[in-house]
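Colleague: this one's sequence-less:
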Ligand SMILES: [Zn+2]
């Protein structure tokens, strides 16, 4: 389960929306109820609904013409100068009526709210970087950068694709920039996205490793639960014994088992990845079956399949 605190925070936002629209509708309804004619008609509608439901249960024809009663209600509201739409709540999300779940599954609106919170936490840049607004002229080699972006945009668009994307290249090659474009693109698709630096990830793995009560899980929930995990700058984090390599391996394995996608940027060369993290992580990250490995260096795109 995703960090409960974050889900609750997101759910609260949605709940507030629901209560607000209900309170607003109720205020108009109460105003209408002060009118005797409306009140009487409203009672009749409720009575008719119950009686018709009973008839239906006995397999009989409905006795009351609810449509007619509702037309009358509309007329009364018109006289009272109250918009007929205003007496029923208008939920922001039509899919879940601002409950956050549909058939026990997270509604897209809840995922969106969670993304906004994760977005805040992840420190993604405020000036939203996205594929559409990308200015390629700022790169040394605009044409190659464009090609790279097309490949990555395609990866974001397709569901059945490589599980991992590994972006290799020196600092300043634009890896973080393109990762932010990808993250923003995926957030628009209402999937759960978490963007973190390798340093922060390492800190969470350490907290997980050194916590022994039930709060332990929260430190890796954010790494395991999201549909997409972005890890920026792998290799810049300190190597902690029994934590860094083991933790990363567990996160990657668990995510791959669940079919969840991970995007990693690193300054390290493939050889250095093998040296620092060992064969098990190397084979997971650079296996040609699982990973799309791209060399971003100098925007010189080399595609390895
Ligand atoms: Zn919804």
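Modeller: Yep, it's here. Small disclaimer: the values here were computed from a predicted structure and weren't measured.

Colleague: all helices of the stretch 151-300 of the chain, in order?
Modeller: Ranges of helices within the stretch 151-300 of the chain are 175-188, 198-210, 218-224, 244-257, 270-286, based on DSSP state H, counting those that start in this stretch.

Colleague: need the least confident one among these, by mean pLDDT.
Modeller: Comparing mean pLDDT across the helices of the stretch 151-300 of the chain, the weakest is helix 218-224, with a mean of 82.

Colleague: Excluding sequence neighbours, find me the nearest residue to the most centrally placed residue in the chain.
Modeller: Nearest to the mean C-alpha position of the chain, counting by Cα atoms, centre = their mean, stands residue 192 at 3.1 Å. Nearest non-adjacent residue to residue 192, counting by Cβ to Cβ, 6 or more residues apart in numbering: residue 226, 4.1 Å away. The C-beta positions use only the backbone N, C-alpha and C, and glycine is treated the same way.

Colleague: so how many other residues sit close to the one you found?
Modeller: Neighbourhood size, residue 226 [other Cβ atoms under 10 Å]: 25.

Colleague: and it, backbone torsions?
Modeller: Backbone torsions for residue 226, taken as degrees, to the nearest 10, come to phi -60, psi 150.

Colleague: residues in contact with it?
Modeller: Taking Cβ atoms under 8 Å, 6 or more residues apart in numbering as the criterion, residue 226 is in contact with 2, 118, 191-194, 260.

Colleague: Which residue in those residues has the weakest pLDDT?
Modeller: Minimum pLDDT across these is recorded for residue 2, with 54.

Colleague: on that earlier part again, and the two most separated of the contacts of residue 226?
Modeller: Between any two of the contacts of residue 226, the greatest separation by Cβ to Cβ is 14.4 Å, found for 118 and 260.

Colleague: higher neighbour count, those two?
Modeller: Between residue 118 and residue 260, counted using other Cβ under 10 Å, the more crowded position is residue 118 (24 against 20).

Colleague: Relative to residue 97, how far out is that one?
Modeller: To residue 97, residue 118 is 24 Å away according to Cβ to Cβ, to the nearest Å.
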